[in-house]
Structures are given as C-alpha cells and as structure tokens.
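Enquirer: A predicted structure for the sequence below; I have some questions about it.
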Amino acid sequence: MKVHFYLKEANADKETPIYTQFYYRRKKFKYYLPFTIHPKYWNFEKERAIQTRRFPLHVELNPFLNRLQNEVIAINQRFVNQGKAISVTQFKNELDRFTLRGATAGETSLFGFIRQLIKERENLPKFTENTVKTYRTALKHLEAFSYNLDFEDIDLDFLADFQKYLFAPPVSLNQNTASKMVGILKTFLHEATERGINKNQAFKSRRFSVPRVEVQSIYLTTDELSILYRLDLSDRKALERVRDLFLVGAYTGLRFSDFTNIRPENIQSIDGKECIAMTTQKTGEKVVIPISPIVRSILDKYGGKPPKPISNQKMNARLKELAELAGFTQTISVTTSIGGKRGNEAVRKCDLVTTHTARRSFATNAYKAGIPAISIRAITGHRSEKSFLKYIKISKEENAVLIALNPFFNTSPLKVAK
C-alpha cells in the first residue's frame, strides 16, 4: 500500500490543507489532516515539508506524516490479519481516532472539552511532554477548585476566587506559577471558542490575568565557570559528568534538551572554524555555534559527544551540590511571592543554580565580552533586543564597569586653544 501526501491547493499563495491519499481495494481514499502549510515550504517530490528555518514546524510535521503513513499501513494490516474487510468509513474512523479529529465534537462541558483537548495534543508532535503535563496540572487545579465548573462560570469573579484558591494553603502557589495556570486556562478557552463550543468571552478582558513578578535569576561569571572546569572530580564521576554537561551548555547557549543531544554529525567545519550546527527541539530553528576550546576538550573526553545525560530534575539537584563544592555560597537577596504575598529572602547562590543557568551564563558573558546582541540572539533565539536585555543578568555595577572601558569614558580633555 502506497500512502501519499498532497496539498489541497498546490498553487495557492497562502496556507493550504494537507491531505493523505491512497488506494484501498481499488477505491481512492482521501483524508484531510489537521495541518496547513504554504506551498513554498512543501517538497512536492518527497511529499514532506522543506527543512528550513523559515518553516520551523517541519520538525514536527514531517515526523507526524511518517507516523500517519505507518498508521495507515498498520490499520490495513490489522484488518487483513483478522480476515476482515474494512470499509472506507471504518478507515476514516480509525484515522479520526489517530488524529483525534472531531474528538471534542460531543464534548460541550468545560472539563470534558479540556480532557479531550489534552488527549488530542498528546498525539500532536508540536506539543511537548512538558506542555501536556502543565495542561494536566491546570486541569487538576480547576477540578479541585470546583468540580461543577463550566464555561458560563468563567468571569472576573471566578478569577478572583480561583486566584485565592491557588494562593491559599495547601496549594500555596507562587505568583508566577499561578499566572501560568491562568494562562493555560485561557488557552483552553481560546481553543473552545475557536471550535464554537464556548460563547463566554469574559476571559478576553485585560483584567483576566494574574500578573507575573520578576524573580531573581543568576548567572555564573567566566571566572566561576573556570573554577568549575578546574575542579578535581576524578573521585566523583557522576558529579563530573554533571559538571561537564553544564559547561557545554554554558559555552554554547543551548537549552538542556539540545546540549544533551549533541552528536558527532552536528560538528561541522565552516570556513576552517569548528562549529555545532543543529536544529533546536523547542523552536525548530537551526543554530550554528562556534566550538570553544573548553567544549572541544569535553567532547573529546566523551568520544565526540557530551556525557550521558540524566533527567533535568536530577541534574538541577546535583548542580546545587556542585556549586556548593565550588564555593559559590555568597548570599543573594531574592524576591519571593508565596500565596500572593511578596517578600525577600537571603539565599545562597549555589542553591539558585539550575540547568538554565548555563544558557543565561552564556548570554550574559558573551554580552559582557562585547559580542553584539544580534549575534548572541542568533544562538539564543530571542526575537527582540528588548526581550534579550531582560534575559541577561548584568547588575548596575557590572554595567558601569563595562561602559567604563568604552573610549567615551577614556577620552583626554581637549587642549584649550590660546
């Protein structure tokens, strides 16, 4: 059985639906997919999306098409093995179950819709496991708040009560986590509105939100990274691997999901300069990063790739141990927000180190070294300089020292003409 993928309007100058077509018992079968694409990003010969950064969803769409192709073949084989003939309608129903198209059609209640939406997005490649996990967490909080909640109940009064629930014991979420939960609820409501299920538009009010607060994020300086690199961990191999992984992140700017997946085929020579070239998992964008001597030494140590990773959660715990061992125990005052109440707390720097500290360290240290922001953003993926400048962590004192090196602050007084 040959399974093909085509565009509904191959010559259109806009996005057009993708459909699969195959012949079953001499009958042509056509099935539209829950994806659209502009024809300029479609490879008509390979029947797949073109792998280009201008269409980053290719990293999600193409694997989905591969899985669907295999599913069509598997459905056919299943019925053949059972000695049964499958009708076109049955084939369509099987594919509906695979893509979950129309799964929400009979679900008009809030919780029913959310559960079906979560099931739907579990099978769509552009929604990561962590994203789906946060959806489940949001649903859990909504159900615990009021099991009889429905679309018509969602208004500003609901938001005030739900916010109190999120802040009060035993939930006691911090403000940013509560903001995230409300944001996910709005995602559910937007989707239900698009599908014609939700008619209540109160959630679109500007007041329907929980504002985020700026939290204390740290970075490690180049001196601190050097201390980590020189730290003798020969008798603590597990911690040594964590250290080496972190340093790869700190000198490439890659996210945890990417710096733990560098492979020998990602290493390329560009104009004589060794670089890492890879497509990032989160955004699907291609990045090309020069390999520093420290990264090269670590890759050589493990046969041309980073050490075997552990989970993000376990690595975060070991990083705090590593940072304490390295002596990063200076006290930092951080802003807290528990139960909606802000406060300040003295925390050791080592207790704030996470895998994401590596990426933030890269961006901040590169900026301090004078690398143009636009060049750093080409690696970190920040779309605007404003968002990038919020991301890097330079204190007012560090900024003063940085600009003090500029010729503007080192120009000799002009001689006064006589």
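Expert: That came in fine, so what should we check first? Because the structure is predicted, anything quoted here is derived from the model rather than measured.
Enquirer: show me the shaky parts of the stretch 251-400 of the chain.
Expert: The stretch 251-400 of the chain contains residues with pLDDT under 70 at 335-343, 394-396.
Enquirer: one more pass at 90, please.
Expert: The model of the stretch 251-400 of the chain has pLDDT under 90 over residues 257-258, 260-261, 263-264, 270-272, 279-286, 303-313, 332-347, 367-400.
Enquirer: show me where it has strands.
Expert: 267-270, 273-279, 286-290, 331-338, 341-348 (DSSP state E, counting those that start in this stretch).
Enquirer: format these as CSV; extra columns: distance to Leu239 and mean neighbour count.
Expert: From N, CA and C alone the C-beta is placed, and that goes for glycine too. Compiled in CSV, the strands of the stretch 251-400 of the chain are given as follows (distance: least, Cβ to Cβ, whole Å; neighbours: other Cβ atoms under 10 Å):
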stretch, distance to Leu239, mean neighbour count
strand 267-270, 26, 12
strand 273-279, 24, 16
strand 286-290, 26, 16
strand 331-338, 23, 14
strand 341-348, 18, 11
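Enquirer: so which of those strands is nearest Phe127?
Expert: Phe127 lies closest, by Cβ to Cβ, to one member of the strands of the stretch 251-400 of the chain: strand 273-279, at 17.7 Å.
Enquirer: contacts for that closest one, please.
Expert: 51, 59, 252, 254, 258, 261-262, 266-270, 285-291, 295-296 (Cβ atoms under 8 Å, 6 or more residues apart in numbering).
Enquirer: what about the longest strand in this protein?
Expert: strand 27-37 (DSSP state E).
Enquirer: quick one, which of the strands of the stretch 251-400 of the chain gets closest to Ile37.
Expert: It's strand 273-279; of the strands of the stretch 251-400 of the chain, that one is closest to Ile37 (Cβ to Cβ) at 17.5 Å.
Enquirer: partner strands of the closest one, with direction?
Expert: The pairing partners recorded for strand 273-279 under DSSP bridges are strand 267-270 (antiparallel), strand 286-290 (antiparallel).
Enquirer: just give me how far it sits from the chain centre.
Expert: Distance of strand 273-279 from the chain centroid (Cα atoms, centre = their mean, to the nearest Å) equals 21 Å.
Enquirer: now the longest strand of the chain - C-alpha only, PDB.
Expert: The C-alpha coordinates for strand 27-37 follow below in PDB (Å, rounded to 0.1, in the frame of the first residue of the first chain):
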ATOM      1  CA  LYS A  27     -11.000   2.700  -4.100                       C
ATOM      2  CA  LYS A  28      -9.300   6.100  -3.800                       C
ATOM      3  CA  PHE A  29      -9.300   7.200  -0.200                       C
ATOM      4  CA  LYS A  30      -8.600  10.900   0.700                       C
ATOM      5  CA  TYR A  31      -8.300  12.200   4.200                       C
ATOM      6  CA  TYR A  32      -7.500  15.800   5.300                       C
ATOM      7  CA  LEU A  33      -5.000  16.300   8.100                       C
ATOM      8  CA  PRO A  34      -5.100  18.800  11.000                       C
ATOM      9  CA  PHE A  35      -2.200  20.800   9.400                       C
ATOM     10  CA  THR A  36      -1.800  23.500   6.800                       C
ATOM     11  CA  ILE A  37       1.300  24.700   5.000                       C
END
